[in-house]
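Trainee: return a 3D structure for these sequence lines:
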Amino acid sequence: MKPISRRQAVLLGGLGIAGTVAGGAGMIWTLSSRQTPVTGSDLTQPPEERSTNGQLQVRLEAAPGQILLAGRQAAALGYNGGIPGPTLRVRAGDVLRIGLVNKLTQATNLHVHGLHVSPEGNGDNVFVSVEPGSTFDYEYKLPGDHPPGVYWYHPHHHGMVADQIFAGLFGAIIVEDPEPIEASAERVLVISDTTLDGLGNIPEVPAMERMMGREGELILVNGQSNPQFSARPGQRERWRIINTCVSRYLRLRLDGQQLQLLGMDSGRFPTPESVDELLLTPGNRADLLVTTTTGDSVLRALYQNRGSMPGMMGPGSGARNPANQPDGAALATLRAGGEPVAALTAVPAQQGLGDLRSAAVAARRQIVLAAGMGMGMGERGGMMRFTIDGREFNEARTDTTVAAGNVEEWTLTNTSPMDHPFHLHVWPMQIIEENGLGTNTAIWQDVVNVPANGRVKVRVAFKDFRGRSAYHCHILDHEDLGMMGAIEVR
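Mentor: Residues are numbered from 1 along each chain as shown. The predicted structure follows:
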């Protein structure tokens, strides 16, 4: 029986560990088996907190606990006792205040992923360390023209990010539309993955899986395994989908239904685009309209090849990976029946973030993402090195300095045989070119996939805020292993 590592014991604060260890050799078969998830329950929505009079003040308590996952009790981490944490609904111009209470046994902090807010002080400052037993009061002032859309929050304490998210620390943020989009129903679908052993513990992740980027054996929607929900034919539903997985790419299909994409991340299309499937890399979000037709349809995550390193099995290639089934993994089931409903009004034209393709460019940079075997027998001797521009992350070092107000063009180059989703905090990126091919429209994302041995050209307007922030690979194991840089706008 593999012993529980100190890292895992510290992460979960001893929850479930005593039961795991006490059984000795007699527990081996129980531990090596996996709990069968409970499927088919009614889809639940995370609790909501809404701003009033331009303000939202919430308390988020990060703590270990016995939390329901896939219909089973699990020793996990949650915000306010749940997975996912509460959905925070705000509007452009609002002030969002979050009191983060750390009841973990290790340091943590908070990142409001995708929000265009200040990275300084008690804003979206990922260099803050909230120690065990302490509270930190965050405050975010959203600009009056902040783009509507779906965002999320999660820990970002370097070296611990992947473990804390894999254990359950994440939640949704919605920035409401200035003019509502008519929908019969709105659903927040927070997709995560994790692994539970026979006792409901999250087992230690082997070093090889960290290097590849872990993929859990359970893919969950709002903490549930293949929940179901009902609609009448002709309804137009709005689905806010978030990929909170540590490393898993989600190639999503919902056959038999009409899908229209309003936008990805903070970007919006002028009019909804019809799609058959969606690819969400870790950290991406989709704002989706679903017009229902009679019958049962399953939202599925299909296998997505994101590459591998020579001589190593590809990420998520094991038999226990649910996306490796011929039909992929069933995430949720929509049942549409009964009397059809009348069609809703057309979706009004949407305001995008503008277009930087003709903008004056103040600087051009090359950002190189690389992975290769490390040298020597240091702290991670024998493990791969994950670098940006040849360097592993060092909090004391600022890697990129930008003049406030400038537009820059970055060529993101991936020299490794694995895909890397690149995330820039605070300032969204407009995709200009992918592997030499220019884009036809203004595509804005804050997580941009850089294919294996490929390159993507983006432009960024460093407007509104100064301060120090970060960019990194959003395969969060890779980020924890060093694939991150610090940026200062001044």
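
Trainee: residue ranges with poor pLDDT in the stretch 351-490 of the chain?
Mentor: By pLDDT under 70, the weakly predicted segments of the stretch 351-490 of the chain are 374-382.

Trainee: ok now stretch 36-46, how far from the chain's centre?
Mentor: 21 Å (C-alpha atoms, centre = their mean, to the nearest Å).

Trainee: go through it and flag the buried ones.
Mentor: Neighbour counts using 16 or more other C-beta atoms under 10 Å place 37, 43, 46 of stretch 36-46 among the buried residues. Using the backbone N, CA and C atoms, a C-beta is placed for each residue, glycine as well.

Trainee: how about stretch 184-202?
Mentor: Along stretch 184-202, the positions that meet the burial threshold by neighbour count (16+ other C-beta under 10 Å) are 184, 187-197, 199-202.

Trainee: reformat the buried residues of stretch 36-46 as a markdown table; add pLDDT.
Mentor: Listed next are those as a markdown table, based on pLDDT from 0 to 100:
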| residue | pLDDT |
| --- | --- |
| 37 | 91 |
| 43 | 98 |
| 46 | 98 |
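
Trainee: quick check, residue 113 in contact with residue 445.
Mentor: No: when contacts are counted by C-beta atoms under 8 Å, residue 113 is not listed as touching residue 445 (11.9 Å).

Trainee: which stretches in the stretch 1-150 of the chain count as helices?
Mentor: Under the criterion DSSP state H, counting those that start in this stretch, the stretch 1-150 of the chain carries helices at the ranges 6-12, 17-22, 28-32.

Trainee: among those, which gets the worst mean confidence?
Mentor: Of all the helices of the stretch 1-150 of the chain, the minimum mean pLDDT falls on helix 17-22 (a mean of 34).

Trainee: tell me the contacts of the closest residue to residue 366 other than its chain neighbours?
Mentor: The shortest distance from residue 366 to any residue that is not its chain neighbour, by C-beta to C-beta, 6 or more residues apart in numbering, is 5.2 Å, and that residue is residue 411. With C-beta atoms under 8 Å, 6 or more residues apart in numbering as the criterion, the residues that contact residue 411 are 364-367, 455-457.

Trainee: tell me the one among the residues you listed nearest to residue 176.
Mentor: For the contacts of residue 411, the closest approach to residue 176 (C-beta to C-beta) belongs to residue 456, at 30.5 Å.

Trainee: ok, that closest one - how many residues close by?
Mentor: If you count neighbours by other C-beta atoms under 10 Å, residue 456 ends up with 21.

Trainee: hang on, the earlier thing: element containing the residue nearest to residue 366, please.
Mentor: Mapping residue 411 onto the secondary structure by DSSP states H and E places it in strand 407-414.

Trainee: partners of that strand, with directions?
Mentor: When sheet partners are counted by DSSP bridges, strand 407-414 sits next to strand 363-373 (parallel), strand 455-461 (antiparallel).

Trainee: please name the nearest non-neighbouring residue to residue 232.
Mentor: In space, not counting the residues next to it along the chain, residue 232 is nearest to residue 338; the distance is 4.7 Å by C-beta to C-beta, 6+ apart.

Trainee: residue 413 now?
Mentor: Taking C-beta to C-beta, 6+ apart as the measure, residue 413 lies nearest to residue 455, with 4.5 Å between them; neighbours along the chain are not counted.

Trainee: distance of that neighbour from residue 38?
Mentor: With distances defined as C-beta to C-beta, to the nearest Å, the gap from residue 455 to residue 38 amounts to 44 Å.

Trainee: now swap in residue 174 and tell me
Mentor: Residue 174 sits 28 Å away from residue 38, going by C-beta to C-beta.

Trainee: and residue 262, by the same measure?
Mentor: 32 Å.

Trainee: tell me how far stretch 133-145 lies from the chain's centre.
Mentor: Relative to the chain's own centre, stretch 133-145 is displaced by 20 Å; criterion: C-alpha atoms, centre = their mean.

Trainee: can you list contacts of it?
Mentor: For stretch 133-145, the surrounding residues in contact (C-beta under 8 Å, 6+ apart) are 90-103, 109-110, 112, 115-118, 122-124, 128, 130, 175, 464.

Trainee: which of those residues count as buried?
Mentor: Here, 16+ other C-beta under 10 Å leaves 90-92, 94, 96-98, 100-103, 109-110, 112, 115-118, 123-124, 128, 130, 175, 464 buried among the contacts of stretch 133-145.

Trainee: in strands only, show me those residues.
Mentor: Counting by DSSP state E, these place 90, 96-98, 100-102, 112, 175 in strands.

Trainee: could you identify the most distant pair in those residues?
Mentor: Using C-beta to C-beta, the two most remote members of these are 102 and 175, lying 26.1 Å apart.

Trainee: picking up where we left off before, check which helices and strands the following helix or strand past the strand holding residue 411 is in contact with.
Mentor: Sequence order places strand 420-424 as the next helix or strand after strand 407-414, per DSSP H and E. Judged by 3 or more C-beta pairs under 8 Å, 6 or more residues apart in numbering; DSSP states H and E, strand 420-424 is in contact with strand 363-373, strand 447-450, strand 467-473.

Trainee: grab the nearest non-local neighbour of residue 287.
Mentor: residue 262 (4.0 Å).

Trainee: what pLDDT does residue 322 get?
Mentor: pLDDT, residue 322: 80.

Trainee: residues in contact with the closest residue to it other than its chain neighbours?
Mentor: Take residue 322 and drop its neighbours on the chain: the residue closest to it by C-beta to C-beta, 6+ apart is residue 329, 3.7 Å away. By C-beta under 8 Å, 6+ apart, the residues touching residue 329 are 219, 300-301, 322-323.

Trainee: hmm, back to that, turn the ones in strands among the buried ones among the contacts of stretch 133-145 into a markdown table, including distance to residue 388.
Mentor: Rendered in a markdown table, the data for those read as follows (distance: C-beta to C-beta, whole Å):
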| residue | distance to residue 388 |
| --- | --- |
| 90 | 32 |
| 96 | 30 |
| 97 | 33 |
| 98 | 29 |
| 100 | 28 |
| 101 | 33 |
| 102 | 29 |
| 112 | 22 |
| 175 | 29 |
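
Trainee: pretty sure residue 479 sits in a helix.
Mentor: Yes: in this structure, residue 479 lies within a helix as judged by DSSP: H, G, I helix; E, B strand; the rest coil.

Trainee: which ones are touching it?
Mentor: The neighbourhood of residue 479, defined by C-beta under 8 Å, 6+ apart, consists of 158, 161-162, 386, 393, 472-473.

Trainee: which residues of the stretch 151-300 of the chain score low on pLDDT?
Mentor: Looking at the stretch 151-300 of the chain by pLDDT under 70, you get an empty list.

Trainee: any chance you could map the strands in it?
Mentor: For the stretch 151-300 of the chain, applying DSSP state E, counting those that start in this stretch gives strands covering 171-175, 185-194, 218-221, 228-231, 236-243, 250-253, 258-264, 273-275, 277-280, 285-291, 295-302.
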